[in-house]
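J.: With the sequence up front, the predicted model follows.
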Amino acid sequence: MTIAEHFPILKNYTYLNTAYSGLLSTEIAKWRRAHDESFVSEGSIFRADSLVVMEELRKNLSETFAVKKENTFLTSNFSGGFNTILNGIEKGNKFLLLEEDYPSLSYPVKSAGFEYLEIPITANLEADIINAITNFKPTVFAFSMVQYISGLKMQSDFLKKLKANFPNIILIADGTQFLGTGQFDFEASGLDMLIGSGYKWLLGGYGNGYIFLSDAAREFIYKHKKDIALPALPFLAGRDYLSLTLESGHLDSLNLGTLNQGLNLLKTIGLEVVEESIEALANKARIALHKKGLLADWMLERPEQSSIMSLQLSQTLVEKLDDEKILVSPRGTGTRISFHFYNTEDDLNRLLDVLR
C-alpha cells in the first residue's frame, strides 16, 4: 500500500498538523472494527481475552523504548497519568517548570500547592536551567521533551549531564510531542519519568497513554504510603501498589490496542527510518523558513530539533493556508506546523508557495 492508501486524508489535504493529532491508518481502522465485532459477539469472553492486548502493548513499549517491563504502565492520557503521579508526591517537594509549557503539565503542579519556580524559554535555556537548579534547589524538574508551541526540543546530552551533575533531582518529562518521532532509549536518557499520550506521533488514536519509570522514580512515588496494606481479593493477585494506583480501574483494550497497532506500524517502517525522514524534511523547512525571516536564529543553531515550528503569519496568509487545504494549528501568538514521516517535499513546497 502507498502512504496515501494508508492515510486517505493525504489525497485531499496537505497535512502539517500531527502536533495537533496524528493520523489513523486504514489498516488500524480495520483492526478497531474487528475488535468491536468480537466484543459484540463474545461479551465477557471477549473481555477476558482482550486483556492480552494490554500485556502485548506493555511488552511492546518496554522493548521498543528500553524500559523495564515492571516500570512500564498504561494510562488513558498524559493528564490522567501525570495527575496520578502528583498525588503520590509529598507536598514538601519543589518543582522547576518552564514558562509557556503545556498547561496540562504546569497547572496541576501549581493547583496542587507545590512550591515552584518558572523560568522563561530563551536562547540560553540550558544555562538558565542549571542556574535555577543551583539557586532554587528543586527536587523535581518537570518539562516537555518538545515544546508544543515553539517546537523547542530538550537536548539529549544535556539531560544526561543534568542527571549526572544533579543525581537527586527527579526529571519528569511529557513525551506526547516526542515519542514516535524516532529511536529512544529510556534507560540511557537520564529521565526518571516519561509520561505521554499516544494520539500524536505514535498514531494511536485517542484515549491511551504510557508511563515509564526509572527505579529511582519507583522509590520516589508513594514511598510515604508503603505501609498501606494491599487488597487481598483474588482477582487483584499479583498487583503491587504502583500497578493498582497508576492503572486503577478498567483499561480500555480498544484504545490501548490501537496504540499497540500504531507502534507496530512505526516499527514496520523502522523508527530509524521515521527519524531520518522527519529530520531531513524538517531541516529543509527550517532553512527555507529562516530565509523568509519566520524563524529565529537560535532555533536553527540547536543540535537536536523537532519538526514542530511556530510561524508569525498575517491573518491573510492563515486564511490562504486554509483555502489551499493546508492543515495547521494556531498556537500561542503564531501558526504551528509539523512534519511526520508521511509528509513529503511536495508538502513543504506547497506551504512555501503560499508563503510567497
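T.: Cool, got the structure.
J.: Next secondary structure after the helix or strand hosting residue 335?
T.: Counting by DSSP states H and E, the element that carries residue 335 is strand 334-338. Toward the C-terminus, strand 334-338 is succeeded by helix 345-355 as the next helix or strand (DSSP H and E).
J.: residue closest to the middle of this protein?
T.: residue 176 (1.3 Å; CA atoms, centre = their mean).
J.: What's the separation between the nearest residue to that one once chain neighbours are set aside and residue 202?
T.: Counting by CB to CB, 6 or more residues apart in numbering, residue 176 lies nearest to residue 196, which is 4.2 Å off, once chain neighbours are set aside. To be clear about C-beta, it is placed using only N, CA and C from the backbone, and glycine gets the same treatment. Here the criterion is CB to CB, to the nearest Å. By it, residue 196 lies 8 Å from residue 202.
J.: who touches both of those two?
T.: Listed as contacting both residue 196 and residue 202 by CB atoms under 8 Å, 6 or more residues apart in numbering are residue 179.
J.: Dump stretch 244-264 to CSV, keeping only the CA atoms.
T.: The C-alpha trace of stretch 244-264 is given here as CSV (Å, rounded to 0.1, in the frame of the first residue of the first chain):
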residue,chain,number,x,y,z
LEU,A,244,-3.1,-0.6,41.5
THR,A,245,-2.6,3.2,41.6
LEU,A,246,-1.2,4.1,38.2
GLU,A,247,-3.5,1.6,36.4
SER,A,248,-6.6,1.9,38.5
GLY,A,249,-10.0,0.9,37.1
HIS,A,250,-10.7,-0.9,33.9
LEU,A,251,-8.3,-0.2,31.0
ASP,A,252,-9.8,0.1,27.5
SER,A,253,-8.5,-2.6,25.2
LEU,A,254,-9.8,-0.8,22.1
ASN,A,255,-7.8,2.4,22.8
LEU,A,256,-4.7,0.7,24.2
GLY,A,257,-4.8,-1.9,21.4
THR,A,258,-4.9,1.0,18.9
LEU,A,259,-1.8,2.4,20.4
ASN,A,260,-0.1,-1.0,20.1
GLN,A,261,-1.1,-1.1,16.4
GLY,A,262,0.2,2.4,15.8
LEU,A,263,3.5,1.4,17.4
ASN,A,264,3.7,-1.7,15.3
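J.: Pull out the buried residues from that stretch.
T.: 245-247, 251-264 (16 or more other CB atoms under 10 Å).
J.: what does the domain assignment say about this protein?
T.: 3-27+270-355, 29-268 (automatic domain parsing).
J.: which sections of the protein are below the confidence cut-off?
T.: Under the criterion pLDDT under 70, the flagged ranges of the chain are 1, 223-238.
J.: where along it do the strands fall?
T.: 14-15, 72-75, 94-98, 115-119, 140-144, 170-174, 193-197, 209-213, 308-311, 326-327, 329-331, 334-338 (DSSP state E).
J.: neighbours around the nearest residue to residue 288 once chain neighbours are set aside, how many?
T.: In space, and not counting its chain neighbours, residue 288 is closest to residue 352: 5.8 Å by CB to CB, 6+ apart. Around residue 352 there are 15 other residues, counting by other CB atoms under 10 Å.
J.: Next, the buried residues of stretch 287-304.
T.: For stretch 287-304, a neighbour-count test (16+ other CB under 10 Å) marks 288-289, 294-295, 299 as buried.
J.: for residue 209, which residues make a bridge with it?
T.: With DSSP bridges as the criterion, residue 209 is bridged to residue 75, residue 197.
J.: shouldn't it be in contact with residue 73?
T.: No - counting by CB atoms under 8 Å, residue 73 is not a contact partner of residue 209; they are 9.3 Å apart.
J.: Comparing the two, which residue is more hemmed in?
T.: Each of residue 209 and residue 73 has its neighbours counted (other CB under 10 Å); residue 209 has more, 28 against 22.
J.: Now for residue 90, how many residues are close by?
T.: Residue 90 has 13 nearby residues by other CB under 10 Å.
J.: so how far is residue 220 from it?
T.: 9 Å.
J.: hang on, the earlier thing: distance of the residue nearest to the centre of the chain from residue 144?
T.: Distance from residue 176 to residue 144, by CB to CB: 7 Å.
J.: do residue 68 as well
T.: 23 Å.
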